[in-house]
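Colleague: Build me a structure from this.
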Amino acid sequence: MKTIAIIVLLLVSSCAFKDNEVELIIHNATIYTVDGEFKVVEAMAIDSGRIVAVGPEREILNKYRSVASLDAEGRFIYPGFIDSHCHFVGYGIFTMEVDLNGTKSWEECLERVKEYAEIVPSGWITGRGWDQNHWKDKKFPDNKVLNDLFPDRPVVLDRVDGHALIANEKALEAAQIKANEKILGGEVVLDKEGQMTGLLIDNAMVKLNAMIPELDDAQLKMAILKAQADCFAVGLTTVDDAGLDTHRVNMIRNLQKTGELLMRMYVMLEANEAGMDYMKRGIVLEDRLTIRSVKIYADGALGSRGAALKSDYHDHPGHKGTILHQPVFFKQWAALCDLYGFQMNTHCIGDRANQLMLSVYNEQLGGTNDKRWRIEHAQVLSGGDVERFKDYNILPSIQPTHATSDMGWAEDRLGPERIKGAYSYASLLKQNGLVLLGTDFPIEGIDPLHTFYAAVYRKSMDGLPEQGWHAEEALTREQALMGMTIWGAMGNFEEAKKGSLEVGKYADFVILDRDIMKCDEKDILKTRVKSTYVAGQKVY
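Modeller: Numbering: from 1, shown residues only. Coordinates of the predicted model:
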């Protein structure tokens with residue numbers, strides 16, 4: 001009789017377990033939770049957009065039931081990928097412009113502009129993506145042919161990094177830019193005869209960019225939703241947009257309220273008066289939107305020689321790049337961010353810019369803290385500045401594909417000694433035990449698997465160089481995955497609700513057709529996203 005009673009009790013208990021109904025069960029999977037123990041499990045249960053259980057398949061299936069049960073067919077599940085530094089809205093807008101990425105010459109750029117002009121026969125022509133470092137002669141272009149092709153139509157073509165542009169005479173006239181203008185943190189480039197070439201660097205671009213007609217709200221909405229679709233397709237579930245004006249922020253909030261924008265976003269406000277007014281209203285913590293940071297630019301880009309270096313460019317003696325503002329500007333914004341509880345995130349490429357901003361941060365923060373202020377890019381470091389990240393608890397937000405995109409010419413800019421302190425990801429990781437990984441798209445591609453590959457192997461997409469470029473600064477696969485998930489969440493103060501697949505967190509995850517933690521190196525870039533989920537909802 002005692003045996004029968006035990007059996008009855010077990011049956012009753014089993015039925016009770018099955019009474020735990022949830023919205024979705026995922027099973028027959030290899031699930032990388034990326035929790036504190038880096039556990040790998042077989043199944044998880046999801047309800048109301050959050051994870052309620054993870055564990056062995058039999059345990060989950062015995063305890064929970066659901067009308068929506070997904071057999072993953074042995075595929076591989078990871079927390080939704082986080083891009084810690086990108087230009088999400090800018091990417092969407094870029095899809096409406098002339099795409100100059102991958103061009104092999106200035107002549108190829110001109111051909112693409114002419115093709116665009118036939119499709120869009122009136123208004124300003126804007127484009128982005130040219131990079132003279134990938135051309136045979138590696139020289140910056142001038143606007144002579146643009147002037148001949150488009151004498152009556154303004155043309156503005158941004159370099160790939162967004163820190164330089166080439167404009168024709170019509171566009172320069174519209175902005176009233178003069179050859180003799182002296183601009184703090186910028187340059188109007190002249191030829192040997194003192195005539196404008198159409199090339200503008202950093203702050204010299206501001207006046208011209210202000211003249212380019214803004215998209216109307218319908219076009220802006222289309223751009224944002226295009227960016228969302230493309231990001232979901234590569235497994236991104238959170239994006240950190242590095243510098244948005246308040247109009248675009250409000251558009252994002254409206255689209256999220258209507259349910260059209262499901263992407264989770266961490267927004268950095270632009271450092272201007274409107275951004276300051278927004279900051280003074282307080283931190284925004286909504287279900288899919290966080291606004292608690294400000295984006296500052298300390299210098300320009302290495303490719304356009306706008307990055308601020310401590311000593312001359314190796315390939316341009318007498319030129320050190322430019323700090324974009326007076327030191328008081330950075331100190332004032334540091335004080336404001338600290339006062340209102342906002343994170344300060346500063347673009348720093350050159351070693352002089354990194355040194356300056358680490359000093360500004362330290363002066364304001366006063367040492368150890370948990371305010372998680374960030375250096376965006378942290379690209380060239382020297383003179384013990386790497387260790388200062390630890391001293392002041394500063395988070396490095398880095399983009400591994402920048403290293404593999406730049407490796408063909410970066411040493412030309414920096415020289416053989418200074419290059420040793422550039423793109424130093426493993427060294428930065430040692431400081432505070434984490435690095436935040438992103439792409440800076442549309443400057444690089446949007447695919448986080450390219451980030452993963454570049455971080456781990458320090459190679460181009462075609463697998464070169466064979467031993468990796470400065471492979472001593474590579475990350476492990478586990479570190480790279482954490483940089484794209486839980487460490488990214490920590491950089492956003494969001495580790496309690498995302499970044500790993502744990503009970504109580506958002507059910508944001510991606511299903512891949514390969515195990516990027518174990519597959520051969522050559523197979524990582526062949527990996528495809530099978531589906532992407534946000535809050536337990538399939539979005540791709």
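Colleague: residue boundaries of the strands in the stretch 151-300 of the chain?
Modeller: 155-159, 164-167, 186-190, 196-202, 236-244, 264-270, 284-285, 289-297 (DSSP state E, counting those that start in this stretch).
Colleague: tell me the mean pLDDT over the fifth one?
Modeller: By that I understand strand 236-244. For strand 236-244, mean pLDDT is 98.
Colleague: from the chain's centre, how far out does it sit?
Modeller: Mean-position distance between strand 236-244 and its chain equals 7 Å (Cα atoms, centre = their mean, to the nearest Å).
Colleague: swap in the last one?
Modeller: Here the centre of strand 289-297 is set off from its chain's centre by 13 Å, with Cα atoms, centre = their mean.
Colleague: Show me what that strand is packed up against.
Modeller: helix 246-257, strand 264-270, helix 273-280, strand 284-285, helix 327-340, strand 343-348 (3 or more Cβ pairs under 8 Å, 6 or more residues apart in numbering; DSSP states H and E). Yep, even glycine has a C-beta here, placed from its N, CA and C like the rest.
Colleague: residues making contact with it?
Modeller: Identification of contacts with strand 289-297 by Cβ atoms under 8 Å, 6 or more residues apart in numbering yields 242-243, 249, 252-253, 256, 264-271, 275, 278-279, 283-285, 324-325, 330, 333, 336-337, 341-347, 374, 376, 492-494.
Colleague: 7 Å - rerun?
Modeller: 242-243, 249, 252-253, 256, 265-271, 275, 279, 283-284, 324, 330, 333, 337, 342-347, 492-494 (Cβ atoms under 7 Å, 6 or more residues apart in numbering).
Colleague: Relative to it, what are the paired strands and their orientations?
Modeller: strand 264-270 (parallel), strand 284-285 (antiparallel), strand 343-348 (parallel) (DSSP bridges).
Colleague: nearest to residue 314, of these?
Modeller: strand 343-348 (19.4 Å; Cβ to Cβ).
Colleague: Any buried residues in the following helix or strand past that closest one, and which?
Modeller: Where DSSP states H and E defines the elements, the next helix or strand beyond strand 343-348 is helix 351-365. By neighbour count with 16 or more other Cβ atoms under 10 Å, helix 351-365 contains the buried residues 351-361, 364-365.
Colleague: so for helix 351-365, what's the average pLDDT?
Modeller: 97.
Colleague: And the next helix or strand past it?
Modeller: Immediately after helix 351-365, counting by DSSP H and E, sits strand 374-377.
Colleague: contact partners of that next one?
Modeller: Residues from elsewhere that reach strand 374-377, judged by Cβ under 7 Å, 6+ apart: 85, 242, 343, 345-349, 354, 357, 394-399, 491.
Colleague: how about that strand as PDB, C-alpha atoms only?
Modeller: This file holds the C-alpha atoms of strand 374-377, laid out as PDB (Å, rounded to 0.1, in the frame of the first residue of the first chain):
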ATOM      1  CA  ARG A 374      32.800  55.000 -21.400                       C
ATOM      2  CA  ILE A 375      35.600  55.700 -24.000                       C
ATOM      3  CA  GLU A 376      34.200  55.000 -27.400                       C
ATOM      4  CA  HIS A 377      36.800  53.300 -29.700                       C
END
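Colleague: and that strand, which strands flank it?
Modeller: For strand 374-377, pairing defined by DSSP bridges yields strand 343-348 (parallel), strand 395-398 (parallel).
Colleague: what does the average pLDDT come to for that strand?
Modeller: 98.
Colleague: to the chain's geometric centre, what's the distance from that strand?
Modeller: Chain-centre distance of strand 374-377: 11 Å, with Cα atoms, centre = their mean.
Colleague: And for stretch 54-61?
Modeller: Worked out by Cα atoms, centre = their mean, stretch 54-61 lies 35 Å from the chain centre.
Colleague: likewise stretch 76-89?
Modeller: For stretch 76-89, the distance to the chain centre is 8 Å (Cα atoms, centre = their mean).
Colleague: how about the helices in the stretch 101-250 of the chain?
Modeller: In the stretch 101-250 of the chain, the helices defined using DSSP state H, counting those that start in this stretch lie at 106-119, 144-149, 169-174, 206-209, 217-233, 246-257.
Colleague: Of those, give the one that comes closest to residue 466.
Modeller: Here helix 106-119 is closest among the helices of the stretch 101-250 of the chain (Cβ to Cβ), at 29.2 Å.
Colleague: Could you list the buried residues of the closest one?
Modeller: Buried, per 16+ other Cβ under 10 Å, within helix 106-119: 106, 109-110, 112-113, 116-117.
Colleague: would you list those residues in CSV and tack on distance to residue 463 and pLDDT?
Modeller: As requested, these are exported to CSV (distance: Cβ to Cβ, whole Å; pLDDT from 0 to 100):
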residue, distance to residue 463, pLDDT
106, 29, 95
109, 28, 94
110, 32, 95
112, 28, 95
113, 33, 93
116, 33, 93
117, 38, 92
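Colleague: now those residues as TSV including distance to residue 413?
Modeller: Output for the buried residues of helix 106-119, formatted as TSV (distance: Cβ to Cβ, whole Å):
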residue	distance to residue 413
106	20
109	22
110	26
112	27
113	28
116	31
117	34
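Colleague: Mind giving me the packing neighbours of the helix or strand hosting residue 388?
Modeller: Using DSSP H and E, residue 388 sits within helix 385-391. Judged by 3 or more Cβ pairs under 7 Å, 6 or more residues apart in numbering; DSSP states H and E, the packing partners of helix 385-391 are helix 351-365, helix 425-432.
Colleague: still on that earlier bit, can you tell me which of the buried residues of helix 351-365 comes closest to residue 464?
Modeller: Lowest distance from residue 464 to the buried residues of helix 351-365 (Cβ to Cβ) belongs to residue 351, with 26.8 Å.
Colleague: Stretch 454-474 spans what distance, first to last residue?
Modeller: Start-to-end span of stretch 454-474 (Cα to Cα, to the nearest Å) is 8 Å.
Colleague: Beta-bridge partners for residue 167, please?
Modeller: Where residue 167 sits in a bridge, its partners, by DSSP bridges, are residue 156.
Colleague: contacting residues around it?
Modeller: 143, 155-156, 198, 200, 208.
Colleague: If you rank the residues you listed by neighbours, which is first?
Modeller: Among these, residue 200 has the most neighbours (other Cβ atoms under 10 Å), with 31 neighbours.
Colleague: No further questions, thank you.
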